[in-house]
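Enquirer: The following comprises the amino acid sequence and a computationally predicted model.
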Amino acid sequence: MRLSRYFLPVLKESPKEAEIVSHKLMLRAGMIKQQAAGSYSWLPLGFKVLNKVIKIIEEEQDRSGAVQLLMPTVQSADLWRESGRYDAYGKEMLRIVDRHERDMLYGPTNEEMITDIFRTYVRSYKDLPLNLYHIQWKFRDEVRPRFGTMRSREFLMKDAYSFDLDEAASQRAFQRMFVAYLRTFYRLGVVGIPMRADAGPIGGDMSYEFQVLADTGESAVFLHKDLIGKPIPAIDTDFRGDLSPIFKDWTSLFAATDEMTDEAAFKAAVPEDKQVAARGIEVGHIFYFGTKYSKPMKAAVTGPDGKDVIVHMGSYGIGPTRLVPAIIEASHDDAGIVWPVSVAPFEVVLINLKAGDAATDAACETLYGELNAAGLDVLYDDRDQPAGAKFATADLIGVPYQLILGPRGLKEGQAEIKHRKTGDRETLPLATAVDRLRTLVEPQRRDKV
Ligand code: 5CA
């Protein structure tokens, strides 16, 4: 992508309405624009990051055996009357009346609709286990939408729903999602720690939240230190095998939100040198709720003995539009965002220090072609702007590697690479720059781990 042809409306000033650093940086880096309270457009740079986040989520859902579909945003109230949640959901639900005076709603979640799909088509225990997911916009009329896309009214959710014959099979489905989530957050470049949590309006008696630790997080969390940096299950994990050892290994160490524990219980359970009391951002939440929806909505299959069995269900959410600011909260500095490579809008920014100088332009064009050919995701800053402004933009938007070339370096056959995260700089022969960048970038994509 050539920056001269791109749409990157960066702001010089720090926007006053933003209270936390991720919101400030997303506005300053031209990633989002507010459209109404708790409602945002995703501008090209933000959308590019969001799509990388979504792709990783999809890859890990698919790997775990979940199957993607797509349900609508606007739902019929009748389905929600069947489960009893139409009245129970309260003011957070955006209710709509259509021209025929039919009650509709903008979906805050999809348990009812997916249960309706299931009961329409699935008849036999032989079709189980089944896990269906989609990535779709949700609307919740939050009392206090805040912090940009961190807590918005319209937001994107990956929501998966599992169907099983009995509780034991449903626990196995839960464990598959648990492991998929560990892998997903790792690949996104954050530490996502599973914690016992309160199930709220989704219901059920077992739920885990995945929390990214950050000072600005809305939840107070208590955890065992060894959960931070614990190695995640590898890419060759057998999702059709027994995942309970992994599940037990992770859940045997203390971790809970303040809704589920208090400081005294925490201190009694965890040795002093291992106690971490921190704040967290809830980026995912998984639930087992048995027959809460399948029973009133009559979602049953024929069991092995020919008798009808009400299926057991769980649901599994991740917030992609919350993850983007959560990643920024966990990874930034005074100059701007510091993206993990796996979700960076671009992996490399090629900075032409003297656009308009024929020799530098030509050399940059060649480099740009080679970087693209090497499979790197490149932004080429070809604008006629002072070097200082280019460095500031590159730092602000957080591209992990800057490849810098000007007339002087060109004369000597040398380019410079700046590592955004550490600030390290290396000067190297122009001819080796592309290979060097490949070696730096490829392992950090985390797509083979
Ligand atoms: N049906 C279940 C799971 S599929 C459900 O709705 N779970 S939830 O309420 O916990 O939401 C799942 C995830 O969506 C949360 O962990 C969070 O990452 C994201 N999310 C929830 N509310 C918001 C919001 N207002 N703004 C941004 N993301 C949100």
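Expert: Received, thanks.
Enquirer: and this protein, which of its residues are near the ligand?
Expert: Residues of the chain that fall close to the ligand, judged by Cβ under 6 Å from any ligand atom: 109, 111, 140, 142, 151-152, 155, 157, 159, 202, 282-285, 315-319, 321-322. All C-beta atoms are positioned from the backbone trio N, CA, C, and that covers glycine.
Enquirer: OK, contacts around residue 414?
Expert: The neighbours of residue 414, taking Cβ atoms under 8 Å, 6 or more residues apart in numbering as the test, are 427-430.
Enquirer: how close does it sit to residue 428?
Expert: According to Cβ to Cβ, to the nearest Å, residue 414 stands 7 Å off from residue 428.
Enquirer: Residue 42 too?
Expert: 36 Å.
Enquirer: Repeat that for residue 81.
Expert: 67 Å.
Enquirer: Same check on residue 150?
Expert: If you measure residue 150 against residue 428 using Cβ to Cβ, the figure is 39 Å.
Enquirer: the more surrounded of these two?
Expert: In terms of neighbours (other Cβ atoms under 10 Å), residue 150 is the more surrounded of residue 150 and residue 428; the figures are 26 against 16.
Enquirer: nearest residue to that one other than its sequence neighbours?
Expert: Leaving aside its chain neighbours, residue 150 sits nearest to residue 325 (4.6 Å; criterion: Cβ to Cβ, 6 or more residues apart in numbering).
Enquirer: model confidence over whichever helix or strand the one you found is part of, on average?
Expert: In this structure, residue 325 sits in helix 320-330 according to DSSP states H and E. Mean pLDDT, computed over helix 320-330, is 98.
Enquirer: After it, which helix or strand is next? Please name it.
Expert: Counting by DSSP H and E, what follows helix 320-330 is strand 332-333.
Enquirer: Packing partners of that next one?
Expert: Under the contact definition 3 or more Cβ pairs under 8 Å, 6 or more residues apart in numbering; DSSP states H and E, strand 332-333 sits against helix 21-28.
Enquirer: got the contact list for the helix it packs on?
Expert: Residues from elsewhere that reach helix 21-28 (Cβ under 8 Å, 6+ apart): 10-11, 14-15, 18, 32-33, 46, 147-150, 216, 324-326, 328-329, 332, 336-337, 396.
Enquirer: what's the answer for stretch 169-179, then?
Expert: With Cβ under 8 Å, 6+ apart, stretch 169-179 has contacts from 64-66, 128-129, 131, 160, 162, 164, 194, 206, 208, 233, 237, 239, 243-244, 246-247, 250, 286, 288, 290, 312-314, 316.
Enquirer: and these, which of them are in helices?
Expert: 64, 244, 246-247, 250 (DSSP state H).
Enquirer: Go through those residues and name the one nearest residue 123.
Expert: residue 64 (24.5 Å; Cβ to Cβ).
Enquirer: Could you report the pLDDT at the most far-flung residue of the chain relative to its centre?
Expert: Distance to the chain centre peaks in the chain at residue 411, reaching 44.1 Å (criterion: Cα atoms, centre = their mean). Per-residue pLDDT puts residue 411 at 98.
Enquirer: what does residue 52 give?
Expert: We have a pLDDT of 98 for residue 52.
Enquirer: Which residue is the nearest non-sequential neighbour of it?
Expert: Spatially, and ignoring its direct neighbours in sequence, residue 52 is nearest to residue 343 (4.6 Å; Cβ to Cβ, 6+ apart).
Enquirer: again with residue 107
Expert: Residue 107 sits nearest to residue 75 (Cβ to Cβ, 6+ apart), 4.8 Å away.
Enquirer: hey, what's that neighbour bridged with?
Expert: Under the criterion DSSP bridges, residue 75 forms beta bridges with residue 105.
Enquirer: quick one: pLDDT of it?
Expert: For residue 75, the model assigns a pLDDT of 98.
Enquirer: Now for the residue nearest to residue 253 when sequence neighbours are not counted: which residues touch it?
Expert: Distance criterion Cβ to Cβ, 6+ apart; nearest residue to residue 253, sequence neighbours excluded, is residue 224 at 4.0 Å. By Cβ under 8 Å, 6+ apart, residue 224 lies in contact with 253-255, 270, 274-276.
Enquirer: Buried only: go through those residues for me.
Expert: 253-255, 270, 275-276 (16 or more other Cβ atoms under 10 Å).
Enquirer: Can you flag which of these belong to strands?
Expert: If you go by DSSP state E, the buried ones among the contacts of residue 224 have 255, 275-276 in strands.
Enquirer: ok so, going back, looking at the ones in helices among the contacts of stretch 169-179, spot the one nearest the ligand.
Expert: Nearest to the ligand among the ones in helices among the contacts of stretch 169-179 is residue 64, at 14.5 Å by Cβ to the nearest ligand atom.
Enquirer: Apart from its chain neighbours, what residue comes closest to that closest one?
Expert: Looking at residue 64 with Cβ to Cβ, 6+ apart, the closest residue is residue 180, at 3.8 Å.
Enquirer: give the contact list for the one you found.
Expert: When contacts are counted by Cβ under 8 Å, 6+ apart, residue 180 touches 60-61, 63-64, 66, 239.
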